[in-house]
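Visitor: What would the 3D arrangement of this be:
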Amino acid sequence: MKKARQRYNELSSAREQFLESAYECAELTIPTLIMRNENTNYQSFVTPWQSVGAKGVVTLSSKLMLGLLPPSTTFFKLQLDDSKLGVEIPAEMKSELDLSFAKIERMIMESIAASTDRVQIFAALKHLVVTGNALLFMGKEGMKVYPLNRYVVERDGNGNVVEIVTKERVSKKLLGLPELDVENSPNDDSKGDYKGTKDVDVYTCVKLHDSGWRWHQEANDMLLPESVGKAPKDKTPWLPLRFVTVDGEDYGRSRVEEFLGDIKSLEALMQAVVEGSAAAAKVVFTVSPSSVTKPSSLANAGNGAIIQGRPDDIGVVQVGKTADFQTAYQMIGVLEKRLAAAFLVLSVRQSERTTAEEVRMTQMELERQLGGLFSLLTTEFLIPYLKRKMHTLT
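Guide: Below is the predicted model of the structure:
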């Protein structure tokens with residue numbers, strides 16, 4: 001049986017192209033979402049020349065959040081399926097069952113409101129919009145988000161997940177394992193990575209079996225005690241999410257990737273305009289070499305001062321690129337309008353309260369603009385999330 005570290009390295013090769021695209025998309029929108037070198041403690045990020053991408057990501061994520069988990073109303077309804085019962089239920093019993101179902105719905109919504117789930121789900125939605133992928137783990141202590149550079153996944157021909165391996169850097173002290181020493185590690189290759197360091201890579205291997213999901217954790221190729229877990233097939237705490245699915249691919253594509261050409265063009269134009277404007281704003285006077293006006297007199301003269309000299313001998317350096325700047329401004333306006341429409345920025349309604357009708361309108365708009373994405377998130381996220389939540393509360 002292969003170790004979790006070996007399996008992670010094997011599956012990483014198929015993830016490489018998606019990871020490179022995710023880095024590029026993040027650098028043009030929100031650079032802090034996913035880091036290229038996760039092993040360094042301090043990392044500097046390149047600041048984009050425009051904020052249109054970041055604003056679009058936050059706006060679209062907020063709309064998805066409102067459509068999936070509305071704050072004031074329930075996103076699901078529990079009821080009996082009369083077609084599967086086969087017998088007629090008395091009206092009194094049906095009303096009693098409806099009251100019980102309403103009580104369960106209220107308990108589930110109160111549990112979600114009391115937890116940090118909404119914060120983590122919003123972070124996952126931002127990852128989905130920018131990188132196209134995110135992994136949610138619904139643990140007992142709360143929900144956790146894994147970015148694309150910390151997990152690998154394998155799917156079958158139908159797109160169903162069969163294996164997940166995560167990788168995270170954890171302090172040896174937190175693991176509480178004094179015997180976890182690299183000198184005694186069975187893996188000779190990892191000795192150089194951890195010798196003299198305080199942290200160690202912990203791999204979590206999640207696999208689908210006939211009986212359900214099974215997972216365990218390994219550090220230095222050794223099984224960590226009390227890390228073995230299991231869950232039924234339809235109630236797994238591991239939720240690998242995708243934004244746009246492509247047939248035959250284990251990972252998803254992002255909204256930013258679909259409009260990467262416009263964002264790249266806007267970035268280049270904004271850089272050119274900002275740098276050009278800075279050059280144009282610089283004021284430099286020139287004095288003729290044969291002029292009686294001294295440059296020092298001109299430099300030291302205060303506002304409204306009178307000095308000796310001829311105005312014709314003094315000039316101002318001008319860039320003279322106004323027409324060129326105007327062309328760039330017009331193109332920037334076109335690109336901003338296109339991106340605002342793509343990320344649903346133009347249709348933000350200012351209101352103090354969120355009504356049920358507004359939630360419905362938001363859901364319809366998401367379905368119309370994003371072409372079935374809302375349905376994908378319902379099947380891959382909402383239904384498994386609700387089933388796991390009910391299973392945990394039961």
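Visitor: hey, where'd the helices end up in the stretch 51-200 of the chain?
Guide: Using DSSP state H, counting those that start in this stretch, the helices of the stretch 51-200 of the chain run over residues 52-68, 82-85, 91-114, 117-131, 172-175, 191-194.
Visitor: Would you format the ones you listed as TSV with mean pLDDT included?
Guide: Putting the helices of the stretch 51-200 of the chain into TSV (pLDDT from 0 to 100) gives the following:
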stretch	mean pLDDT
helix 52-68	92
helix 82-85	70
helix 91-114	88
helix 117-131	96
helix 172-175	81
helix 191-194	48
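Visitor: Out of these, which gets nearest to A328?
Guide: Across the helices of the stretch 51-200 of the chain, A328 has its closest neighbour in helix 52-68 (14.9 Å, C-beta to C-beta). For glycine as for every other residue, the C-beta is placed from the backbone atoms N, C-alpha and C.
Visitor: Format the helices of the stretch 51-200 of the chain as TSV; extra columns: mean neighbour count and distance to D221.
Guide: Converted to TSV, these look like this (neighbours: other C-beta atoms under 10 Å; distance: least, C-beta to C-beta, whole Å):
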stretch	mean neighbour count	distance to D221
helix 52-68	21	38
helix 82-85	8	49
helix 91-114	12	38
helix 117-131	22	29
helix 172-175	14	14
helix 191-194	14	11
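Visitor: Poorly predicted segments of the stretch 251-394 of the chain, please.
Guide: Along the stretch 251-394 of the chain, the model assigns pLDDT under 70 to residues 347-354.
Visitor: again, only this time at 90
Guide: By pLDDT under 90, the weakly predicted segments of the stretch 251-394 of the chain are 279-281, 283, 285, 288-299, 306-314, 316-324, 341-342, 344-380, 392-394.
Visitor: Show me where it has its helices.
Guide: Applying DSSP H, counting those that start in this stretch to the stretch 251-394 of the chain gives helices spanning 255-258, 260-281, 295-300, 322-342, 356-370, 373-377, 383-393.
Visitor: For the fourth one, buried residues please.
Guide: Taking 16 or more other C-beta atoms under 10 Å as the basis for neighbour counts, the residues of helix 322-342 that come out buried are 328, 332, 335-336, 339-340, 342.
Visitor: nearest spatial neighbour of V165, skipping sequence neighbours?
Guide: Counting by C-beta to C-beta, 6 or more residues apart in numbering, Y8 is the residue found nearest to V165 once chain neighbours are left out, at 4.4 Å.
Visitor: that older thread, reformat the buried residues of helix 322-342 as CSV; add distance to F18.
Guide: Below are these laid out as CSV (distance: C-beta to C-beta, whole Å):
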residue, distance to F18
A328, 33
I332, 30
L335, 25
E336, 28
L339, 22
A340, 27
A342, 21
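Visitor: Name the residues of stretch 25-35 that are buried.
Guide: Of the residues in stretch 25-35, those buried under the neighbour-count criterion (16+ other C-beta under 10 Å) are 25-31, 33-35.
Visitor: how long is that stretch from one end to the other?
Guide: End-to-end distance for stretch 25-35, by C-alpha to C-alpha, to the nearest Å: 12 Å.
Visitor: do stretch 315-323 as well
Guide: For stretch 315-323, the first-to-last residue distance is 22 Å (C-alpha to C-alpha).
Visitor: could you check the distance from the residue positioned nearest the centre of the chain over to L136?
Guide: For the chain, H127 is the residue whose C-alpha lies nearest the centre (C-alpha atoms, centre = their mean; 1.3 Å). The gap separating H127 from L136 is 10 Å, by C-beta to C-beta, to the nearest Å.
Visitor: between the two, what contacts are shared?
Guide: Shared contacts of H127 and L136 (C-beta atoms under 8 Å, 6 or more residues apart in numbering): V145.
Visitor: The residue nearest to V165 is in contact with K167, isn't it?
Guide: Yes: between Y8 and K167 there is a contact under C-beta atoms under 8 Å: 5.7 Å.
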